[in-house]
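Colleague: Quick one, what's the 3D model for this:
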Amino acid sequence: MSGNSLNYYGYDKHTYKQCLGSIHSTNRKHILMLNTWFLFANTFYLIFSILNLWGVTQERILFYAVYVALAVILEALILFLRNAAEHHSFILVYVSMALMLSYGILASVSKPYMPATMFMLLLVLSASIYMHQAVAMSCVIMAGSAVFVLTSFRYKTFSIAYTDTYNAVMVTTLAVSLHFTLQRTKLAQFISYQKELMVQRELEVKSDFDALTSLLNRSRFFSLAKQIIEEAGDESIYMCIIDLDEFKEINDRLGHQMGDKAIQITGNTIIETLEMDLSERWNFIELVRKNKGCFAGRLGGDEFIVFIRGRSTMQDAVSLLQNLLDTLNGIKIDRLNGIHASLGVTKLLKTDEDIDMVYARADSALYESKRLGKNRICFSPQGAE
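Modeller: Coordinates of the predicted model:
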């Protein structure tokens with residue numbers, strides 16, 4: 001096992017980074033769990049100290065009060081700044097360890113006549129549940145133990161300090177071993193989860209997107225459009241049907257391979273014109289709904305459909321589509337001298353009860369575009385402004 005893979009619990013850096021989301025999320029949960037226990041334990045100790053119960057004297061009130069306050073602050077950060085806490089979980093891991101280990105060291109110093117137990121418990125707990133990088137965590141564990149041993153020799157008798165040192169060496173060895181073994185097992189689970197997630201995402205992408213154009217397929221487009229129409233309110237929405245002109249001639253004259261190329265180029269041009277972000281296709285549907293973005297689909301063959309949002313007027317929508325048409329007309333590949341298309345556009349009306357009514361108007365506008373000579377944009381009079 002190389003030094004680099006040792007640092008990432010036996011895996012390579014790339015694999016480790018793929019699991020960072022799971023690592024951050026798990027660290028946050030574990031920090032919250034351990035800190036909550038720490039907070040409750042110190043709260044009870046503080047109460048016992050105030051009441052002078054069970055041998056917890058009032059001299060310890062300030063000690064317990066300080067650690068209760070620090071635990072409350074950390075608890076609040078984790079609970080109320082969840083995203084930030086998760087994103088910076090590695091920092092919080094070391095903050096939590098510093099809090100726990102310093103508590104254990106000071107608790108040990110306060111009882112110089114007894115070997116330490118709390119420090120050992122907190123050291124093993126922290127090492128067992130937190131993950132970052134094996135080398136860094138091991139260094140923190142050993143540094144904490146070194147400080148503990150030094151304070152023992154500084155404030156305790158030699159015999160007690162010697163016992164603490166022996167216990168620290170044994171527990172530190174156990175803590176480092178447990179940390180590596182448990183976190184390696186945990187990382188293996190994260191890797192397995194990532195693989196399952198990737199397979200699931202690939203299946204979702206295959207079921208939602210057209211393989212040739214990367215546009216939404218017919219069923220997914222209409223499903224998404226239906227949802228948005230139901231939630232539209234006063235939003236300005238336009239639908240456009242695009243049909244390539246003389247596509248059969250392209251197939252007959254230039255071959256089906258060039259025909260597929262024309263369809264693929266059309267799909268890519270639509271994606272670029274609408275600025276569709278397909279970097280995370282498995283999350284595309286949610287992003288469109290959240291950001292109110294434009295999207296498009298392939299109806300089949302040489303026919304496409306576009307859903308335009310974020311354009312306040314019909315002229316704005318037509319301007320966008322004219323840019324799309326001009327780009328297609330300027331395509332030149334081999335003997336393919338431009339891709340021509342007819343476009344039919346309509347606006348979503350408040351009286352529209354379902355997507356079929358919108359589609360019917362756009363289809364009528366497409367028919368009018370074909371009738372007037374093709375390679376142009378026509379819009380439905382009912383959907384015009």
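Colleague: Isn't S89 up against S22?
Modeller: No: applying CB atoms under 8 Å, one finds S89 not in contact with S22, separated by 10.9 Å. Quick note: C-beta positions are derived from backbone N, CA and C, even for glycine.
Colleague: between the two, which one's more packed in?
Modeller: Comparing S89 with S22 by neighbour count (other CB atoms under 10 Å), the higher total belongs to S89, at 24 against 18.
Colleague: in stretch 178-196, what counts as buried?
Modeller: Buried residues in stretch 178-196, defined by neighbour count with 16 or more other CB atoms under 10 Å: 178-180, 182-183, 186-187, 190-191.
Colleague: now these as JSON lines including secondary structure, pLDDT and distance to F119?
Modeller: JSON lines is the format used below for the buried residues of stretch 178-196 (DSSP: H, G, I helix; E, B strand; the rest coil; pLDDT from 0 to 100; distance: CB to CB, whole Å):
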{"residue": "L178", "secondary structure": "helix", "pLDDT": "93", "distance to F119": "16"}
{"residue": "H179", "secondary structure": "helix", "pLDDT": "94", "distance to F119": "16"}
{"residue": "F180", "secondary structure": "helix", "pLDDT": "93", "distance to F119": "21"}
{"residue": "L182", "secondary structure": "helix", "pLDDT": "93", "distance to F119": "20"}
{"residue": "Q183", "secondary structure": "helix", "pLDDT": "93", "distance to F119": "21"}
{"residue": "K186", "secondary structure": "helix", "pLDDT": "93", "distance to F119": "24"}
{"residue": "L187", "secondary structure": "helix", "pLDDT": "91", "distance to F119": "27"}
{"residue": "F190", "secondary structure": "helix", "pLDDT": "91", "distance to F119": "30"}
{"residue": "I191", "secondary structure": "helix", "pLDDT": "90", "distance to F119": "34"}
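Colleague: Kindly indicate which of those lies nearest G233.
Modeller: Proximity to G233 was ranked across those by CB to CB; first place goes to F190, at 41.2 Å.
Colleague: so who does that closest one touch?
Modeller: 19, 22-23, 26 (CB atoms under 8 Å, 6 or more residues apart in numbering).
Colleague: Just the ones of those in helices?
Modeller: Using DSSP state H, the subset of the contacts of F190 located in helices is 22-23, 26.
Colleague: How far off centre is stretch 335-354?
Modeller: Taking CA atoms, centre = their mean, to the nearest Å, one finds stretch 335-354 lying 34 Å from the centre of the chain it belongs to.
Colleague: Convert it to CSV, retaining C-alpha atoms only.
Modeller: Presented in CSV, the C-alpha positions along stretch 335-354 are these (Å, rounded to 0.1, in the frame of the first residue of the first chain):
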residue,chain,number,x,y,z
ARG,A,335,-22.7,18.7,-48.7
LEU,A,336,-25.2,19.8,-46.1
ASN,A,337,-25.6,23.5,-46.9
GLY,A,338,-27.7,24.8,-44.0
ILE,A,339,-30.5,23.2,-41.9
HIS,A,340,-33.9,24.7,-42.7
ALA,A,341,-36.8,24.4,-40.3
SER,A,342,-40.4,25.7,-39.8
LEU,A,343,-41.4,26.9,-36.3
GLY,A,344,-44.8,27.4,-34.8
VAL,A,345,-45.1,29.4,-31.6
THR,A,346,-47.8,30.1,-29.1
LYS,A,347,-48.1,31.6,-25.6
LEU,A,348,-49.6,29.9,-22.6
LEU,A,349,-53.0,31.5,-21.9
LYS,A,350,-54.8,31.7,-18.6
THR,A,351,-57.7,29.9,-20.2
ASP,A,352,-55.6,26.9,-21.1
GLU,A,353,-56.8,23.9,-19.1
ASP,A,354,-54.1,21.5,-20.2
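Colleague: buried stuff in it?
Modeller: Buried residues in stretch 335-354 (16+ other CB under 10 Å): 336, 339-348, 352.
Colleague: For those residues, which two are the farthest from each other?
Modeller: For those, the farthest-apart pair by CB to CB is L336 and D352; their separation is 37.7 Å.
Colleague: ok so, going back, adding distance to D356 and pLDDT as columns, could you present the contacts of F190 in a markdown table?
Modeller: Below are those laid out as a markdown table (distance: CB to CB, whole Å; pLDDT from 0 to 100):
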| residue | distance to D356 | pLDDT |
| --- | --- | --- |
| C19 | 46 | 90 |
| S22 | 43 | 91 |
| I23 | 48 | 92 |
| T26 | 47 | 93 |
